[in-house]
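In: I would like to see how this sequence folds:
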Amino acid sequence: MRPTTPSHAAHFARWLLPLATSLALAACGGGDGGGVSFPLVNVPPANSSGGGNPPASGTNQGKSGPKALVVEIDGLTHAALRDAIAQNKVPALQSLRVAPAWTGGANGTPSEQRTTDGPGWATLLTGTWVTRHSVRWDTVDQRIDAKLAPSIFALAKQNKAAGYKTASVTSNALYPQLLANESGTVDGAVDCAGADACVTERTAQFIDAGYDLTVAQYGAPAAAAGNGLKSDAYQRAISDTSAAVGRLLARIAQRTANDAKEDWLVILTTGHGLDAFGTASGLQAIDNKTVFIASNKTLAALPGTGTAAPADTALLQLAAATDIAPTVLRHLGALPAAEAYNFNGQALQAATSLRNLTAKAGADKNSIELSWALSGAATAPVQVLRDGKLVATLPAGSTAYADPIVADADGLYTYQYTVVAGEASIALAAQLAYVKPATLAPTLVNGLVNYYPLDTLPATDLKNASTLAPWAADANGGTVVDDGFKLPYKVKALRVDSTVKNASGTAGYRLLQTTDVATNPAVTAYTIGFWLRTDATCSVGAGDGASVIANKNYDSGSNAGLAIGLFSSCELRFNVGKGGGRADSNGYGLSAGQWAYVAVVIDKANLKMTAYLFDAARAMQTGSATLNADIVAQLGGLKNGLSLNEDGTGQYYKRWTSSPRGTLDFNEFAIWNRALTADELTSIFKSGQPLMLLLP
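Out: This is a model prediction of the structure:
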């Protein structure tokens, strides 16, 4: 911002000086109004009359340059302030630029915090939400996390030359304790213990002494709000407090008149809103979240100046309480560089407005998807930093970025992101339940006897050892469909529609092997695996079930052969029978309309069937069933091949008309002449990669 010129300063002084000379500073009473006084550095005492006269012209204490006064008025709502200004009840605040703003973090996210005193004061001092400052309650045990969220006092002193002076004067006795974990950052700290007159007197002393950054807090409106927001007591508290603030502004005007090189930023705000009854309920209701930011300067990125606060979530498009700390530090020349920028808000002097930074885990569980809103002078490239390191430079105007994460192992990871657009920066912490990307197990090529990518028709076995075609040429229920990028590695899939029958009722697809692994005595174990997706409803006829794949007459699970069935509640069941006996593994939950990987391992030598279902919404599901020699001998079923969305007769849905399955989608259908391990199957699911990557 442009420094205040001598003419501006003189105008400011002419307006406020009569107010300062006509109103003497009230004494606190009993020294500091009964409050606890911390060491004051180079602060002249108030005179015996409680006045503490402003310094004479040309005698400013302290040094020239940018200075800041931040005043929080607890209990003063934005609506009440606008009303008082409109009715000219607060002449001392009439020239301030007042805009609605919001607090409380983002509802339903880790940043959400109570809209009460403690969290609000912590946000004011740190420019962060509760995920960093850690103040959740209005209790004496709460402390700001000085490592994650250093206060504006700490950052101002850290980034300025020696001799930089800071002060804090508070009426609320809770507030000084919040900085107990941070030592040596506040040169003058006064707890006025509820006496607002003390706040005015002590703050004026710090201003007179030339302190560079002073934060003051008044509590009278909060104390009176319980009488009702329309009560005389509340209106009186607003008038009295604004007059007290006016005395502070008069001191600043006098200093500026004495030294035109003193450039003062004044910010007025409140810690949280109140409900219609004047209560700080702590909830995320709009009234509770509505605060204000008032300034003696024009701030380019402060929207809504002079307007009423939105009564809905449009409020969240405006400035936030987290913007105040970076705004003050930028004015003081102490704003951290992008590498160390951890504020959840932006400096409001920026020509660019950068808001609503959000983060969510990518569907692949190894990326974080960031998005933000950008307006104003968005002509510079957008930079994204992770934990202080630049990870991406995006074109000007960009509002999203997917950050790929690489970690050594699965686990919960936390990252601090900063987005920089021109002069504006904003930061956010993001968590990711990371799943390390898997690659296909190279051993999957071993024993692979049939493999259909299923992304073109006619379907082709890349091992040239089988055929896959409709049961009847005039009942072609299969089409290649666009998957909509829901399968990780490609967008095409085979859709088999069991409702498209020929005149004799035949439907579905049939896979015929050159040498059937089920009946080949040289094969002691085999595996069938494929990607499967139901329709959005996963509906099947009550009690009848649907045949996903089968080489048997599936009227009964006891019939000879193998089948995987789909039943109500989207349950998969694995079955083998011998004709008069059966073995089953049931209870596998499938997510409707989502891709899952299905596999069955038949160990003929060890008389065991093992079933697998990999579903993104669930952990791996697996189970087994014991076979006998008679079942093993009948695994070939009707020896008509293996049907997709049908049974081994090609007429299952003709017989069971109450279960008109409709469509099932298949992808990457493969058969091995050995038992695959759980790790090998997991690698298919986790990697989402096609088996063709392993083929020569």
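In: what are the ranges of the strands in the stretch 101-250 of the chain?
Out: For the stretch 101-250 of the chain, the strands defined by DSSP state E, counting those that start in this stretch cover 166-170, 188-191, 213-218.
In: Repeat that for the stretch 551-696 of the chain.
Out: Going by DSSP E, counting those that start in this stretch, the stretch 551-696 of the chain shows strands at 561-567, 571-577, 582-589, 596-603, 608-615, 621-626, 642-644, 663-672.
In: Outline the domain layout of this protein.
Out: Domain segmentation of the chain under automatic domain parsing yields 6-49+65-336, 355-434, 449-691.
In: and L348, which of those domains is closest to it?
Out: The minimum distance between L348 and these falls on domain 6-49+65-336, with 3.9 Å, by Cβ to Cβ. Yep, even glycine has a C-beta here, placed from its N, CA and C like the rest.
In: any chance you could map the helices in the stretch 451-600 of the chain?
Out: Assigned by DSSP state H, counting those that start in this stretch, the stretch 451-600 of the chain shows no helices.
In: Could you identify which of the strands of the stretch 551-696 of the chain is most buried?
Out: strand 642-644 (a mean of 29; mean count of other Cβ atoms under 10 Å).
In: Paired strands for it, with orientation please.
Out: Sheet pairing of strand 642-644 (DSSP bridges) gives strand 509-513 (antiparallel), strand 546-550 (antiparallel).
In: which one is Q142 nearest to, not counting chain neighbours?
Out: The shortest distance from Q142 to any non-neighbouring residue, by Cβ to Cβ, 6 or more residues apart in numbering, is to V135 (4.8 Å).
In: need the strands paired with strand 642-644 in a markdown table with mean neighbour count, distance to G278 and mean pLDDT, can you?
Out: Converted to a markdown table, the strands paired with strand 642-644 look like this (neighbours: other Cβ atoms under 10 Å; distance: least, Cβ to Cβ, whole Å; pLDDT from 0 to 100):
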| stretch | mean neighbour count | distance to G278 | mean pLDDT |
| --- | --- | --- | --- |
| strand 509-513 | 20 | 71 | 97 |
| strand 546-550 | 27 | 62 | 95 |
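In: Can you tell me who the residue nearest the centre of the chain pairs with across the strands?
Out: The centroid of the chain falls nearest to A359 when counting by Cα atoms, centre = their mean (4.0 Å). A359 has the following beta-bridge partners by DSSP bridges: L370.
In: Low-confidence regions, the stretch 351-500 of the chain specifically.
Out: Scanning the stretch 351-500 of the chain for pLDDT under 70 picks out the ranges 484-490.
In: Please, where are all the strands along it?
Out: Ranges of strands within the stretch 351-500 of the chain are 352-361, 367-376, 382-386, 389-394, 400-404, 411-421, 424-434, 448-452, 466-470, 478-487, 490-497, based on DSSP E, counting those that start in this stretch.
In: separation between the closest residue to T460 other than its chain neighbours and A243?
Out: The shortest distance from T460 to any non-neighbouring residue, by Cβ to Cβ, 6+ apart, is to Y452 (7.0 Å). Using Cβ to Cβ, to the nearest Å, we find Y452 at a distance of 83 Å from A243.
In: In terms of neighbours, single out the busier of these two.
Out: Legend: neighbour count by other Cβ atoms under 10 Å for Y452 and A243, higher for Y452 (24 against 16).
In: Isn't the more buried one up against P458?
Out: No - the pair Y452 / P458 is not scored as a contact, 10.4 Å apart, by Cβ atoms under 8 Å.
In: who touches both of these two?
Out: Residues within reach of Y452 and of P458 at once, by Cβ atoms under 8 Å, 6 or more residues apart in numbering, are L468.
In: How many residues are close by the closest residue to A377 other than its chain neighbours?
Out: Closest residue to A377 apart from its sequence neighbours, by Cβ to Cβ, 6+ apart: A351 at 4.0 Å. As a burial measure, A351 scores 14 neighbours (other Cβ under 10 Å).
In: Now A351, what are its backbone angles?
Out: Backbone torsions of A351, given as degrees, to the nearest 10, read phi -70, psi -20.
In: Thanks again, I'm all set now.
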